[in-house]
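Q: okay, here's the prediction I keep looking at, along with the sequence it came from:
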Amino acid sequence: PWTPDFAGQNHTFTDGEMEALMTRRNMVDYLPPEKAREDLDVFFTLLRTTYGAYEYFGGDEVFEKLKAESIEILEDTTTPYGSTLIRLATALYLPLEGTVLDGHFTIGGSHLFSKLRTYYVPDIYISDPTGLSEDYVKPTIGPDGAITYGFFAMSKDGSDLPDTLGDHELNWALCESASSYSYSREVFYEGQCQGIPMLESRHMSASTPEGEAQLERFASCGGEYADAPLLIFDVRGNPGGSDHWLMSWFEGWTGQPAQPHRVFGHRYSQLSCKHHGPSYYPTERMGTWDIQMEDGRWVEREGYTFLLTDRITASSGETAVEFLHTVENTLTVGIPTSGCSLGANHIDFYLPNTGLRLYFGTGLSFNETMENRDGVGYLPDLWVNPVEAPVAVARLCGYYGLKEPVS
């Protein structure tokens, strides 16, 4: 029901209107109210004809109500929102917030909802969590490297977290974000942590020749680590890019293409066909969906792999999680990822009068289950404050005799 044919929309926009919608321009702060209303109408027409998750989030029945709310906000001159542009952006944003749970969707650069953040209680470890709520107690790596339990929880701002549980007083701290790390500037870097090979993937796209060369190295080096008894694969702070590099690396590393259990659809709309071109989106398919399903394939592997994640890990960064979930002897260490996987085939659009930028997917994707993970993300196997994750993994490997002790 989320992917019906829609041939009746194939002539919604003229060629000129499509060009305008996909052409970046300077935003206009002040313009007549009727021009802002025109952009509001275009926005909801754009969603109805192009947005991949339109039917998933309720279709016309839901979005017509959201549009009515947007019009009311736009025309409410008693509330000062500043410029016409800000008023329009606010009128589009507020009704969709909380309904369209899509981690990629932005209006004027602002994501539609705040992602949950992860909090922890430093220096408290529990050997027996019996009687304590699983909402707050998670498996972690202790100070000696043993797998134990600690206090971790997801919250919008931490205000709803308990002050005590059992006999424990809980002084919650925010897990450190990617901006706190002393990351190297490399897009991809090969190093080690206490003798364990460590691959750091910071972005899966590049804007410089140096970055492009690093991605080429990433794509080609998988086979060199195929027999590594221990490997840390680090995608903390990786907001995404292209899956192409990761796919090549994974096939070199495992000897077979990645095949997670997933289903995804490509919506052949007027604008997606215009954007991607006939070689990718044939015009004869316009008005239909292409649905593909992969049953998934398990990869047997002797060595142990530790995948490091944090709340910035998103999009193609989360693809790494999906891929490595298919590999034997892999553990994810850190905190939940960003949650940016529902949408697919994302495009920038610009409203014709204001130039307000929109960004959303024209496809739909589910991985492992039919659950929408956006805003929550993939949960780790072992919860660790991300900035401490590499050293914690090294402690674990030492404790369980997986590596030679460092003298």
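A: Alright, I've got the coordinates. Numbering: from 1, shown residues only.
Q: pick out the residue closest to the middle of the protein.
A: Residue closest to the mean C-alpha point of the chain, counted by C-alpha atoms, centre = their mean, is C340 at 2.4 Å.
Q: for the closest residue in space to it that isn't next to it in sequence, which residues are in contact?
A: The shortest distance from C340 to any non-neighbouring residue, by C-beta to C-beta, 6 or more residues apart in numbering, is to G103 (3.5 Å). The C-beta positions use only the backbone N, C-alpha and C, and glycine is treated the same way. G103 is in contact with H111, K115, A314, S338, G339, C340, S341, L342, G343, D374, G375, counting by C-beta atoms under 8 Å, 6 or more residues apart in numbering.
Q: pull the distance from the longest strand anywhere in the chain to the chain's centre.
A: Longest strand in the chain, counting residues (DSSP state E): strand 357-367. Distance, stretch centre to chain centre, for strand 357-367: 11 Å (C-alpha atoms, centre = their mean, to the nearest Å).
Q: mean confidence score for it?
A: The average of the pLDDT scores along strand 357-367 is 95.
Q: so what are the sheet partners of that strand and their directions?
A: strand 106-107 (antiparallel), strand 262-268 (antiparallel), strand 343-350 (antiparallel) (DSSP bridges).
Q: now these in a markdown table, with mean pLDDT, distance to E72 and mean neighbour count?
A: As requested, these are exported to a markdown table (pLDDT from 0 to 100; distance: least, C-beta to C-beta, whole Å; neighbours: other C-beta atoms under 10 Å):
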| stretch | mean pLDDT | distance to E72 | mean neighbour count |
| --- | --- | --- | --- |
| strand 106-107 | 96 | 17 | 20 |
| strand 262-268 | 94 | 29 | 21 |
| strand 343-350 | 94 | 24 | 19 |
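Q: between those strands, which one is nearest to F366?
A: strand 262-268 (5.4 Å; C-beta to C-beta).
Q: so what does the following helix or strand past the closest one touch, helix or strand wise?
A: Going down the chain from strand 262-268, the next helix or strand is helix 270-276, by DSSP states H and E. Using 3 or more C-beta pairs under 8 Å, 6 or more residues apart in numbering; DSSP states H and E, the elements in contact with helix 270-276 are helix 15-21, helix 33-50, strand 343-350, strand 357-367.
Q: out of the ones you listed, deepest packed?
A: Comparing these by mean neighbour count (mean count of other C-beta atoms under 10 Å), strand 357-367 comes out on top with a mean of 21.
Q: now the element after it, going C-ward?
A: strand 382-383.
Q: what lies in contact with the helix or strand following that next one?
A: Beyond strand 382-383 in the direction of the C-terminus, DSSP H and E gives the next helix or strand as helix 389-399. When contacts are defined by C-beta under 8 Å, 6+ apart, helix 389-399 is touched by residues 141, 143-147, 193-196, 198, 230, 232, 234, 236, 304, 306, 308, 333-334, 382, 384, 402-403, 405-406.
Q: excluding its backbone neighbours, what's nearest F6?
A: G287 (5.4 Å).
Q: just S83 next, same as before
A: D29 (4.0 Å).
Q: pull the contacting residues for the one you found.
A: Taking C-beta under 8 Å, 6+ apart as the test, what D29 contacts is S83, T84, L85, I86.
Q: and if we set it to 10 Å?
A: If a contact means C-beta atoms under 10 Å, 6 or more residues apart in numbering, then D29 has G82, S83, T84, L85, I86, T354, G355 as its contacts.
Q: can I get those residues in JSON lines with secondary structure and distance to S159?
A: Putting the contacts of D29 into JSON lines (DSSP: H, G, I helix; E, B strand; the rest coil; distance: C-beta to C-beta, whole Å) gives the following:
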{"residue": "G82", "secondary structure": "coil", "distance to S159": "29"}
{"residue": "S83", "secondary structure": "coil", "distance to S159": "33"}
{"residue": "T84", "secondary structure": "helix", "distance to S159": "35"}
{"residue": "L85", "secondary structure": "helix", "distance to S159": "33"}
{"residue": "I86", "secondary structure": "helix", "distance to S159": "28"}
{"residue": "T354", "secondary structure": "coil", "distance to S159": "36"}
{"residue": "G355", "secondary structure": "coil", "distance to S159": "37"}
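Q: which among those residues count as buried?
A: Neighbour counting by 16 or more other C-beta atoms under 10 Å classes T84, L85, T354, G355 among the contacts of D29 as buried.
Q: to the chain's geometric centre, what's the distance from whichever strand or helix holds E251?
A: Here E251 sits within helix 243-254, counting by DSSP H and E. Relative to its parent chain, helix 243-254 has a centroid offset of 19 Å by C-alpha atoms, centre = their mean.
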